[in-house]
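Trainee: Below are the sequence and a predicted model for it; my questions follow.
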Amino acid sequence: MRRYVAAIDQGTTSSRCIIFDHQGRIAGAAQREHEQIFPQPGWVEHDPESIWRNTESVIAQALESCGIGAAEVAAAGVTNQRETTVVWERATGKPIGNAIVWQDTRTSDLTAELAGDQGPNRYADRTGLPLSTYFAGPKLRWILDAVPGARLRAEAGELCFGTMDSWILWNLTGQHITDVTNASRTMLMDLRSLQWDPQICAEFGTPMSMLPEIRSSSEVYAPIITGALAGVPVAGILGDQQAATFGQACLSPGDTKNTYGTGNFMLMNTGTTPVFSEHGLLTTVCYRLGDQPAVYALEGSIAVTGSLVQWLRDNLGIISSAEEIEPLARTVADNGGAYVVPAFSGMFAPRWRPDARGVVAGLTRFVNKGHLARAVLEATAFQTREVIDAMRADSKAQRLDVEQVTLKVDGGMVGNELLMQFQSDILDATVVRPVVTETTALGAAYAAGLAVDYWSSTDDIRANWAEDKRWTPAMLAADRDRLVSEWNKAVERTYNWV
């Protein structure tokens, strides 16, 4: 009997496989980190072959951890770090270079060139995205321009492009496909037709023969042909933030989740019509189940949150493990007037300031390492406040009632109770953590399981979701307003640095 669904979660810092049962509980899991490659300032790369080897390994380890084989797995879903771009040879499956990671900023001059006189929103009415180093299309153009012979080989049909879902699917099944959520992060797909846009591809200098076939997020694509899950159908693909939204059962317009990971990513379900932001947010595909209409979302992407804690640990040595930051921050009553603005590679939503660089503001002799630890945590909450304010403004125009939003949270930082309480305080909103916080992998599992009738409908997803803990605001409005005002002053100090 096929009692489980597998989720392959190819993330920014590691690859994982998690095995879920019908109640959405974890039966087994394995994880392996991969190297972060920094060839020069602003450049971030991954080795795709190393990631694939790690993926094969964690699949086998996850099955072994719960003592099952492929015969007990109904389907596999894939979720992935979005926008990270890889190009490989169609004949051999060998990458022509390292993957360029979503955080990479080498395409800053190229995106300005593509914007031309029309500005960064040149393609926003079709793609929902501003021209930014964040997205995959400019990264692909850079590879074609910079790698000797790549453009000629691409035009001859010899090369394949993909985000990491396509790379994993190619190696699992031999098929060159992606889903609508990942395609919507390339700047090359029309949000309404859900197909590659020939005009944009031509203006980006992208041969369409390189591009994967766009499919829904939940359908049987192909059986796995190699490794421990051989014979199991791959039946779900979702970009990681869309997967977390699905796993959090944000299935109705206005439902909102925030994932606290390397960066922070807030998505609000806006229903079956794309809502185009006037306040610095992205419009993206949230999911598409089979041949049903696509569901869209507004998204606020924040580049640096969890990675700011890593910076405090690895670059400054103030803590020796991420777990130490909360007790250190609790040694002080507040931030001591200090603010850390982590614009390490510019600022993402809603400000979109590539010229910004990080600052520590408000320093006095009074400030100690406890205050800095607290300021690092608070930076995540302040950036989240900016995004939710933009969502409130955009959604008000669309008559989505989000004034009193309840924010569902997940990701690695949500175990930090000091941060979660401050998040509730600075938002003046309720924050809720689910029992299963591995919502990214869970969303991919749900997409795959729905396609093979392991789960009968999205009602099963709603029924499985369960609350673990909630936080409600306890801060005085005057204190909240003062802190937000001081944060804004600190942010403005980051502008025009580059």
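Mentor: Everything's here; your move. Numbers count the residues shown, from 1 in each chain.

Trainee: for the stretch 301-450 of the chain, what are the low-confidence residue spans?
Mentor: With pLDDT under 70 as the threshold, the stretch 301-450 of the chain has low-confidence stretches at 397-404.

Trainee: Quick check: bridge partners of residue 295?
Mentor: Note on residue 295: beta-bridge partners residue 287, judged by DSSP bridges.

Trainee: State whether it and residue 274 are indeed in contact, as I suppose.
Mentor: No. Contact status for residue 295 versus residue 274: not in contact, 9.9 Å apart, counting by Cβ atoms under 8 Å. C-beta here means a position set from N, CA and C on the backbone, and glycine is covered the same way.

Trainee: These two: which is more packed in?
Mentor: Of the pair residue 295 and residue 274, residue 295 is the one with more neighbours under other Cβ atoms under 10 Å, namely 26 against 20.

Trainee: quick one: pLDDT of that one?
Mentor: For residue 295, the pLDDT comes out at 96.

Trainee: And what about residue 444, helix, strand or coil?
Mentor: Judged by DSSP: H, G, I helix; E, B strand; the rest coil, the three-state class of residue 444 is helix.

Trainee: and the gap between residue 29 and residue 263?
Mentor: Taking Cβ to Cβ, to the nearest Å as the measure, residue 29 falls 23 Å from residue 263.

Trainee: Between those two, tell me which one has more neighbours.
Mentor: Set residue 29 next to residue 263 and count neighbours by other Cβ under 10 Å: residue 263 wins out with 23 against 19.

Trainee: tell me the secondary structure for the residue of the chain positioned farthest from its centre?
Mentor: Ranking residues of the chain by C-alpha distance from their mean position (Cα atoms, centre = their mean) puts residue 365 at the top, at 38.1 Å. Three states are possible here, and by three-state DSSP the one that applies to residue 365 is coil.

Trainee: can you check residue 82 too?
Mentor: Residue 82, by the three-state scheme (three-state DSSP), is coil.

Trainee: Tell me how many other residues surround it.
Mentor: For residue 82, the neighbour count with other Cβ under 10 Å is 27.

Trainee: Find the nearest non-adjacent residue to it, please.
Mentor: Beyond its immediate neighbours in the sequence, the residue positioned closest to residue 82 (Cβ to Cβ, 6 or more residues apart in numbering) is residue 239, lying 4.1 Å away.

Trainee: Per-residue confidence, the one you found, what does it come out as?
Mentor: pLDDT, residue 239: 97.

Trainee: likewise the one 10 residues further on?
Mentor: We have a pLDDT of 92 for residue 249.

Trainee: Format the CA atom coordinates belonging to stretch 208-222 as PDB.
Mentor: In PDB, the C-alpha atoms belonging to stretch 208-222 read as follows (Å, rounded to 0.1, in the frame of the first residue of the first chain):
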ATOM      1  CA  MET A 208      13.000  29.800 -26.900                       C
ATOM      2  CA  SER A 209      14.300  26.300 -27.700                       C
ATOM      3  CA  MET A 210      16.200  26.500 -24.400                       C
ATOM      4  CA  LEU A 211      13.100  26.900 -22.300                       C
ATOM      5  CA  PRO A 212      11.300  24.100 -20.400                       C
ATOM      6  CA  GLU A 213       7.700  23.200 -21.100                       C
ATOM      7  CA  ILE A 214       5.400  25.100 -18.600                       C
ATOM      8  CA  ARG A 215       3.000  22.700 -16.700                       C
ATOM      9  CA  SER A 216       0.600  23.100 -13.800                       C
ATOM     10  CA  SER A 217       1.800  22.800 -10.200                       C
ATOM     11  CA  SER A 218      -0.100  19.500  -9.600                       C
ATOM     12  CA  GLU A 219      -0.300  16.800 -12.300                       C
ATOM     13  CA  VAL A 220       1.600  13.600 -13.100                       C
ATOM     14  CA  TYR A 221       4.600  14.600 -15.100                       C
ATOM     15  CA  ALA A 222       6.700  11.500 -15.400                       C
END
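
Trainee: how far does it sit from the chain's center?
Mentor: 20 Å (Cα atoms, centre = their mean, to the nearest Å).

Trainee: same thing with stretch 415-430?
Mentor: Per Cα atoms, centre = their mean, the displacement of stretch 415-430 from the mean C-alpha position of its chain is 21 Å.

Trainee: List the buried residues in that stretch.
Mentor: By 16 or more other Cβ atoms under 10 Å, the buried positions in stretch 415-430 come out as 416, 418, 419, 420, 421, 422, 423, 424, 425, 426, 427, 429.

Trainee: who's in contact with it?
Mentor: Contacts of stretch 415-430 with the rest of the structure, by Cβ atoms under 8 Å, 6 or more residues apart in numbering, involve 260, 325-326, 329-330, 374, 377-378, 380-382, 384-385, 388, 404-407, 409, 413-414, 431, 433, 437, 469-475, 477, 480, 483-484.

Trainee: Just the buried residues of those residues.
Mentor: Neighbour-count burial within these applies to 260, 325-326, 329, 374, 377-378, 380-382, 384-385, 388, 405, 407, 409, 413-414, 431, 433, 437, 471, 473, 475, 480, 483; the criterion is 16+ other Cβ under 10 Å.

Trainee: Just to be sure, which of those are found in strands?
Mentor: In this view, the buried ones among the contacts of stretch 415-430 that belong to strands under DSSP state E are 260, 407, 409, 431, 433, 471.

Trainee: what angle sits between whichever strand or helix holds residue 424 and strand 430-434?
Mentor: Here residue 424, judged by DSSP states H and E, is contained in helix 417-427. For helix 417-427 and strand 430-434, the angle between their directions (axes from the mean of the first three to the mean of the last three Cα atoms, to 10 degrees) works out to 140 degrees.

Trainee: Just the CA atoms of helix 417-427, as CSV, please.
Mentor: C-alpha atoms of helix 417-427 as CSV (Å, rounded to 0.1, in the frame of the first residue of the first chain):
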residue,chain,number,x,y,z
GLU,A,417,9.8,33.5,20.5
LEU,A,418,11.3,36.9,21.2
LEU,A,419,11.2,37.6,17.4
MET,A,420,7.7,36.3,17.0
GLN,A,421,6.3,38.5,19.9
PHE,A,422,8.1,41.5,18.5
GLN,A,423,6.7,40.7,15.1
SER,A,424,3.2,40.7,16.4
ASP,A,425,3.9,43.9,18.3
ILE,A,426,5.4,45.9,15.4
LEU,A,427,2.6,44.6,13.0
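
Trainee: Please enumerate the helices of the stretch 251-400 of the chain.
Mentor: Secondary structure of the stretch 251-400 of the chain by DSSP state H, counting those that start in this stretch: the helices cover 306-314, 325-329, 369-397.

Trainee: Excluding chain neighbours, what is closest to the spatially most central residue of the chain?
Mentor: The chain has residue 241 as the residue nearest its centroid, 4.2 Å off, counting by Cα atoms, centre = their mean. What sits nearest to residue 241 in space, not counting adjacent residues and going by Cβ to Cβ, 6+ apart, is residue 265, at 4.2 Å.

Trainee: Can you list the buried residues in stretch 440-459?
Mentor: Of the residues in stretch 440-459, those with enough neighbours to count as buried (16+ other Cβ under 10 Å) are 440-452, 454-455, 458.

Trainee: For residue 270, state which of the residues you listed is nearest.
Mentor: Distance from residue 270 was checked for each of the buried residues of stretch 440-459 by Cβ to Cβ. The minimum falls on residue 458, at 16.7 Å.

Trainee: got a list of what that closest one touches?
Mentor: Applying Cβ under 8 Å, 6+ apart, the residues near residue 458 are 249, 251, 289, 450.

Trainee: and if you look at residue 83?
Mentor: Contacts were defined as Cβ under 8 Å, 6+ apart; by that measure residue 83 touches 102, 134, 135, 136, 139, 163, 185, 186.

Trainee: What is the most widely separated pair among those residues?
Mentor: 134 and 163 (12.4 Å).
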